[in-house]
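>>> okay, here's the prediction I keep looking at, along with the sequence it came from:
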Amino acid sequence: MDLDLRKLRYFAAVAEHEHFGRAAEQLYIAQPVLSRQIRALEQELGCALLVRTTRSVQLTPAGRQLYADVPGVLATAAAATRRTHEAARGVERLVVGFAPGLQVSPAVRAFGAAHPGVEVELLRLHWYDQAEALRDGRADVACIRQPFDPEGLRTIRVGSEPKVACMPATHRLASRRRLTAADLDGETIIDAAARRTASVEEKFELVASGLGIAMVPRSVARSYARPGLVHRPVAGAEVLEIHLAVTDDRRQQRLEDFLSVAAAALSR
């Protein structure tokens, strides 16, 4: 059975809004049309995706699984379409992803000087899908930071950095030049276990609001510096490795050239 990408987009909108009417408005289609398309998708899959009520809809276990997989499916299809169009036009393009806080500009400049005929596009990655952006084709190569799932990836280590403690400038620990783990005892640490955040910006807003301290990579603290926040090194803090990564099955010459140039530029 072949999945219809249009139906998947429709399903994702309904799952996001948990409401057919609001999803139909977002998609600019009539609600009855949307309802028919979702029912058709359920029939094709042979299982219920949604539990419908008079006011809203809820995902079934099958629906939750599909909703988790849909972004990757759509991204892979979009990447394949992009590469096909580029090949048809004779365009050589490289999409370089980078994790928050990491700078790839030295590598891009060095590569551009040696390969002026290759267009380079930059893609900011989210912390939670660094490796997935490579696997689903959104990025051709990426500069990413641990932790990530290395399965199916070729990686080159280009550096490392410690985590630092980010806090309001008015915090009792902000006047110290260096902290220890014992200094943080009793403090609210904003992490995935305590409070999951969707972006670096959201995490720093929570810190600025006085809701806790965030342990973040040093480059992130520096890149997102703002008035009212400070970051301090912590003795014995976790050190994260930084890697260039590409999927095992990608062996195009322009990728190999970029890896070579980038590894030298970023290791410095």
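Yep, that arrived. Residues are numbered from 1 along each chain as shown.

>>> show me the shaky parts of the stretch 1-150 of the chain.
Applying pLDDT under 70 to the stretch 1-150 of the chain flags residues 1, 54, 86-87, 90-91.

>>> what's the burial count for the nearest residue to residue 107 once chain neighbours are set aside?
Leaving aside its sequence neighbours, residue 107 sits nearest to residue 262 (Cβ to Cβ, 6 or more residues apart in numbering; 3.6 Å). For the C-beta atoms, the positions are set from N, CA and C on the backbone; glycine is no exception. By other Cβ atoms under 10 Å, 22 other residues sit near residue 262.

>>> do the one 4 residues further on as well
By the criterion of other Cβ under 10 Å, residue 266 has 21 neighbours.

>>> and it, what's its pLDDT?
At residue 266, the model reports a pLDDT of 93.

>>> what's the nearest residue to it if we skip its chain neighbours?
Nearest non-adjacent residue to residue 266, counting by Cβ to Cβ, 6+ apart: residue 158, 4.2 Å away.

>>> so where does that neighbour fall, helix or strand?
Using DSSP states H and E, the element containing residue 158 is strand 153-168.

>>> could you pull out the helices for the chain?
Ranges of helices in the chain, per DSSP state H, are 5-17, 20-27, 31-45, 61-89, 105-114, 130-135, 200-208, 218-223, 253-267.

>>> what angle separates the longest one from helix 31-45?
To tie it back to what came earlier, the one meant is helix 61-89. Angle, helix 61-89 to helix 31-45, by axes from the mean of the first three to the mean of the last three Cα atoms, to 10 degrees: 100 degrees.

>>> other SSEs contacting helix 61-89?
Helix 61-89 sits against helix 5-17, helix 130-135, with contacts defined as 3 or more Cβ pairs under 8 Å, 6 or more residues apart in numbering; DSSP states H and E.

>>> the same query, at a cut-off of 6 Å, please.
On a contact count with 3 or more Cβ pairs under 6 Å, 6 or more residues apart in numbering; DSSP states H and E, helix 61-89 meets helix 5-17.
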